[in-house]
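In: What follows is a predicted protein model with its sequence.
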Amino acid sequence: GAVVSQHPSRVICKSGTSVKIECRSLDFQATTMFWYRQFPKQSLMLMATSNEGSKATYEQGVEKDKFLINHASLTLSTLTVTSAHPEDSSFYICSARVLAGASYEQYFGPGTRLTVT
Amino acid sequence: AQRVTQPEKLLSVFKGAPVELKCNYSYSGSPELFWYVQYSRQRLQLLLRHISRESIKGFTADLNKGETSFHLKKPFAQEEDSAMYYCALRRTGNQFYFGTGTSLTVIP
């Protein structure tokens, strides 16, 4: 099946700094990727839809200037958390949309644990 | 507004017992529902989707539009079924909305 990787798996940064998380589709091309956020013991919350070659679409309540998304190629989407604060500490998960038969499936990355100190 | 509700955060059953994980949804359009599973220390993966009407690892789920439900069922639970289960709804544009998840523990 399709494989999605994320890098780094864990990152610790100081408050006020920015951190970039990469999401790659390893054996397929993904025109659309999604970024989720998951707080401890809570569900995945869709943050934004990343479209190759165009601007990302953000969900209501998600600050686009805070969470910069770049999808410059068919295999890579990046999420940059700018001026990170402790409340941004979370588990960030990306997924890639794959056409499977007549429908689309999502394949998820392993996630990135961000801790802001 | 689109919404997916999983009323049980935790569910424990004995091995060999039937299991049912509940999922209810609200959606103004024609829903497409999925169940995802996350085993310990693994990534989220698709378990099944309603349009396929398939049985995966002994699990089935039927979309009941009248009750707006998509409950996941298995007649005989196995220890390896212990995992976190998420019900998800896909809206137009392919964005997914996830329920809060149910942690299933199968007791040997």
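Out: Done, it's in. Numbers count the residues shown, from 1 in each chain, chains lettered A, B, ... in the order given.
In: Report whether stretch B:90-105 contacts chain A.
Out: Yes. Using Cβ under 8 Å from any Cβ of the partner chain, stretch B:90-105 reaches chain A at B:Arg90, B:Gly93, B:Asn94, B:Gln95, B:Phe96, B:Tyr97, B:Phe98, B:Gly99, B:Thr100, B:Gly101. For the C-beta atoms, the positions are set from N, CA and C on the backbone; glycine is no exception.
In: Can you turn the buried part of those into a ChimeraX selection?
Out: Restricted to buried positions by 16 or more other Cβ atoms under 10 Å in any protein chain shown, the ChimeraX selection for the residues of stretch B:90-105 next to chain A reads:
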select /B:90,95,96,97,98,99,100,101
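In: Out of the residues of stretch B:90-105 next to chain A, which is nearest to B:Asn64?
Out: B:Gly99 (15.8 Å; Cβ to Cβ).
In: helices or strands up against the helix or strand where A:Met47 lies?
Out: Assigned by DSSP states H and E, A:Met47 belongs to strand A:44-51. Where contact means 3 or more Cβ pairs under 8 Å, 6 or more residues apart in numbering or on different chains; DSSP states H and E, strand A:44-51 is packed against strand A:32-38, strand A:57-58, strand A:67-73, strand B:96-98.
In: between the residues of stretch B:90-105 next to chain A, which is closest to B:Ser82?
Out: Distance to B:Ser82 across the residues of stretch B:90-105 next to chain A (Cβ to Cβ) is lowest for B:Gly101, with 13.5 Å.
In: Report pLDDT for that closest one.
Out: With respect to pLDDT, B:Gly101 has a value of 93.
In: Verify the contact between it and B:Ala83 for me.
Out: No. Between B:Gly101 and B:Ala83 there is no contact under Cβ atoms under 8 Å: 9.9 Å.
In: CA atoms of stretch A:77-91 as PDB?
Out: In PDB, the C-alpha atoms belonging to stretch A:77-91 read as follows (Å, rounded to 0.1, in the frame of the first residue of the first chain):
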ATOM      1  CA  SER A  77       4.000  19.000   1.900                       C
ATOM      2  CA  THR A  78       5.500  20.900   4.800                       C
ATOM      3  CA  LEU A  79       3.800  22.400   7.800                       C
ATOM      4  CA  THR A  80       5.700  25.200   9.600                       C
ATOM      5  CA  VAL A  81       4.600  26.300  13.000                       C
ATOM      6  CA  THR A  82       5.700  29.900  13.300                       C
ATOM      7  CA  SER A  83       6.500  31.600  16.600                       C
ATOM      8  CA  ALA A  84       5.600  28.400  18.500                       C
ATOM      9  CA  HIS A  85       4.200  28.600  22.000                       C
ATOM     10  CA  PRO A  86       3.600  25.900  24.600                       C
ATOM     11  CA  GLU A  87       0.000  25.600  23.600                       C
ATOM     12  CA  ASP A  88       1.100  24.500  20.100                       C
ATOM     13  CA  SER A  89       2.500  21.400  21.700                       C
ATOM     14  CA  SER A  90       0.600  18.500  20.100                       C
ATOM     15  CA  PHE A  91       0.800  15.500  17.800                       C
END
